[in-house]
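> Would you be able to build a 3D model of this:
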Amino acid sequence: MLQKNLDCFLLRLVAFLYLVRKRITTKTQNFYNMETTQQHLFTESEYQIVQASGGKRFANYIIDRIVFYVVIMIMLNVIDMIRFNAGDQDNSGSALIESLVIIIAFALYIFGFEVIFKGKTIGKFITGTRAVNQDGSNISAKTAFLRGLCRLIPFEPFSALGTPSYPWHDSWTRTYVIDEKASNRPEGL
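Take a look at the predicted model:
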């Protein structure tokens, strides 16, 4: 019963946040005079960087979540098998701990991939996007860590709603996710 009420509350909260974000976004689009699908970030320099669309950003999120959950399910099954073989049957409080570990592990997953592959995760490889600094340069390890840390904030994924998609983990770290195919950014930058 409590779970059903909590699910209903969360669904209503998500719908409310979406409507609020949509209303704010439509009001600010006219103020900033931005394009609705893609934003050209650097038009006066010798290269052009185009911000990834909201659809690609959403695809990145879904792909990364699926890959992460497959990996984490395998790891949790191995841990459970080891605990079962060791005779440890006490699971009191383990659901909360597992939830916290999963949230932190996802932030570390994003951080690790963005550091190793210079702003790319598996989802970004598939969609042809990359996280870069506002000047178009590759993100540093510190920036990737801060982007991952921002993902620990409750309801942070809802900050990506709207067009153009500019979630907290981008705005607070002064980064963009760009469409590499539409941009002509030099490789070594």
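> Now do the most centrally placed residue in the chain against residue 136, distance only.
By C-alpha atoms, centre = their mean, the chain has its centre lying nearest to residue 61, at 5.4 Å. Applying C-beta to C-beta, to the nearest Å, the value for residue 61 to residue 136 is 23 Å. In short, each C-beta sits where N, CA and C put it, glycine included.
> thinking again about what came up before, quick one: secondary structure of the residue nearest to the centre of the chain?
Put simply, residue 61 is helix when judged by DSSP: H, G, I helix; E, B strand; the rest coil.
> Distance check, it against residue 81.
From residue 61 across to residue 81, the span is 30 Å (C-beta to C-beta).
> Please point out which parts of stretch 132-139 sit buried.
Residues of stretch 132-139 classed as buried by neighbour count (16 or more other C-beta atoms under 10 Å): 132, 133, 136, 138, 139.
> how about those residues in CSV, adding pLDDT and secondary structure?
Below are these laid out as CSV (pLDDT from 0 to 100; DSSP: H, G, I helix; E, B strand; the rest coil):
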residue, pLDDT, secondary structure
132, 94, strand
133, 92, strand
136, 87, coil
138, 92, strand
139, 94, coil
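> Would you map the strands across the chain?
For the chain, the strands defined by DSSP state E occupy 129-133, 175-179.
> Give me the distance between the closest residue to residue 173 other than its chain neighbours and residue 81.
Using C-beta to C-beta, 6 or more residues apart in numbering and skipping the chain neighbours, the partner closest in space to residue 173 is residue 146 (4.8 Å). Distance, residue 146 to residue 81, by C-beta to C-beta: 36 Å.
> right, and residue 144 touches residue 121 too?
No - Residue 144 is not in contact with residue 121 according to C-beta atoms under 8 Å; the separation is 10.1 Å.
> Pull up the overlap in contacts between those two.
110, 114 (C-beta atoms under 8 Å, 6 or more residues apart in numbering).
> Give me the below-cutoff pLDDT ranges for the protein.
Applying pLDDT under 70 to the chain flags the ranges 1-45, 86-93, 188-189.
> switch the cut-off to 90
Within the chain, the stretches with pLDDT under 90 are 1-55, 72-73, 75-107, 134-136, 148, 150-168, 171, 181-189.
> Helices of that one, residue ranges please.
Per DSSP state H, the chain carries helices over the ranges 2-32, 54-85, 94-116, 122-127, 141-150, 168-171.
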